[in-house]
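1. Sequence plus predicted model, see below.
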Amino acid sequence: MKSIVLKDNYDLENVSIEEKPIPKIWENEILVKVRSVSFNQLDLMIAKGALKTNLPHILGSDAVGIVEKIGSAVSLFQIGDIVSTHFIQDWQSGDLQPLYLKNRLGVTAQGVFSEYIALPENSLIKIPANLNTEEASTLPIAGLTAWEAIVNTGKLKPEQTVLLQGTGGVSIFALQFAKMLGAKVIITSGSNEKLQMAKRLGADEVINYLEIPDWQNKVLELTNGNGANLALEMSWADIGKTTDAMKLGGKIVVVGLLGGANAHLSVFGIMQKNLSIVGIQVGSKSSFEAMNKAIETNHIKPVVDKKFDIHALSEALYYFEKGKHFGKVVVNF
């Protein structure tokens, strides 16, 4: 079988396709023939050595495929089911526990970018009935992170305003979930073309941060001076602008660090506005199930920007790295 492997050294030039044996399964495991996988910024971080992952390492956290074989102790799935991977495998419900972080697909455990994967049944979930494998492969990290940020942590209400940064996978899912809840969405990007696409998806207001560097003032203007109830912080480099754009008592959910891990942060600004800043790590399997039900009920379709065949892996990786995408990038085996 084909696997996407990082070996010898870090960086994208060291990612290649290797032939590996099809894994055998234990009694509590399921063999899945993978159809589609999707990229996340986490994959780039691992490939570039940000997490000092031991090499060689199979990349990937997001995969969807068909159940081909089940162990004798498996009860939740049948042969032929279409299933998705669950990133933090041991986080089934409740609050995140330190122990759960020791078993994250593609990070502390080998990844799932392979033609076949063998996983325990608690690491898999049936996909929403209204999605195909390509669409469903976008859910495990980007979809669930957005759901956790908007619904569980952000507790966004109808008519409230959420501020979203950029048009990558998490932000676009967050836009869709926010509109599902009846909230107002302000989204930023450096591309007018992408902003118009966001408008077509339902964004109420758009801001080009290259044309309006002090975009926090624009957010205040668009909210009659009140600010946003909720913001998803993707950059962290401009966290000061985000805090300025918030409403009194607002909440900032940190879901990314595209601008780096460190930033100047005014504690005075946080105190003055009585703000909460919360970091999240994707979500539990029970949250995944709730999200899938909402996707089915509300007929939500994930935005797949571009699809690549496995043989175009290098092209797909560099396309994703350059940030050309709107939504998600998918690779099919």
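-> Thanks, I have the structure now. Residues are numbered from 1 along each chain as shown.
2. From now on I want contacts and neighbour counts done on CA atoms only, so please keep to that.
-> Fine.
3. Which parts of the stretch 1-150 of the chain are helices?
-> 41-47, 133-136, 144-147 (DSSP state H, counting those that start in this stretch).
4. Mind listing what's buried along the longest one?
-> Put plainly, it is helix 41-47. 41-44, 46-47 (16 or more other Cα atoms under 10 Å).
5. again with stretch 288-306
-> Within stretch 288-306, the residues that count as buried by 16+ other Cα under 10 Å are 288-289, 291-292, 295, 300, 302-304, 306.
6. ditto for stretch 46-60
-> So for stretch 46-60, counting by 16+ other Cα under 10 Å, buried means 46-48, 53, 57-60.
7. The nearest residue to residue 122 once chain neighbours are set aside and residue 244, how far apart?
-> Nearest residue to residue 122, sequence neighbours excluded (Cα to Cα, 6 or more residues apart in numbering): residue 89, at 6.7 Å. Here the criterion is Cα to Cα, to the nearest Å. By it, residue 89 lies 37 Å from residue 244.
8. The two: who's more crowded?
-> Ranked by neighbour count (other Cα atoms under 10 Å), residue 89 and residue 244 place residue 89 first, with 22 against 19.
9. Next, the contact list for the more buried one, please.
-> 100, 103-105, 122-123 (Cα atoms under 8 Å, 6 or more residues apart in numbering).
10. Could you dump those residues into a markdown table and include pLDDT?
-> Formatted as a markdown table, those follow (pLDDT from 0 to 100):
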| residue | pLDDT |
| --- | --- |
| 100 | 97 |
| 103 | 94 |
| 104 | 97 |
| 105 | 97 |
| 122 | 95 |
| 123 | 97 |
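11. Quick one, which of the residues you listed are buried?
-> Judged by 16+ other Cα under 10 Å, buried ones among these: 103-105, 122-123.
12. Could you export those as JSON lines, including distance to residue 177?
-> Formatted as JSON lines, the buried ones among the contacts of residue 89 follow (distance: Cα to Cα, whole Å):
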{"residue": "103", "distance to residue 177": "28"}
{"residue": "104", "distance to residue 177": "25"}
{"residue": "105", "distance to residue 177": "25"}
{"residue": "122", "distance to residue 177": "25"}
{"residue": "123", "distance to residue 177": "24"}
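13. And the residue lying closest to residue 288 once chain neighbours are set aside, how close does it get to residue 150?
-> Nearest residue to residue 288 in three dimensions, chain neighbours excluded: residue 144, at 6.2 Å (Cα to Cα, 6+ apart). For residue 144, the distance to residue 150 (Cα to Cα) stands at 10 Å.
14. ditto for residue 23
-> 37 Å.
15. Tell me which of those two has more neighbours.
-> Set residue 23 next to residue 150 and count neighbours by other Cα under 10 Å: residue 150 wins out with 24 against 13.
16. Next up, the contacts around that one.
-> Shown in contact with residue 150 (Cα under 8 Å, 6+ apart): 156, 174, 177-178.
17. Let's see that with 10 Å instead.
-> Contacts for residue 150 (Cα atoms under 10 Å, 6 or more residues apart in numbering) come out as 144, 156-157, 162, 173-175, 177-178, 181, 230-232, 253.
18. Now for those residues: which two are most distant?
-> 144 and 157 (18.3 Å; Cα to Cα).
19. Who has more neighbours out of the two?
-> More crowded of residue 144 and residue 157, by other Cα under 10 Å: residue 144, with 28 against 17.
20. thinking that one is in contact with residue 302, fair?
-> No. Counting by Cα atoms under 10 Å, residue 302 is not a contact partner of residue 144; they are 11.8 Å apart.
21. Good, wrapping up.
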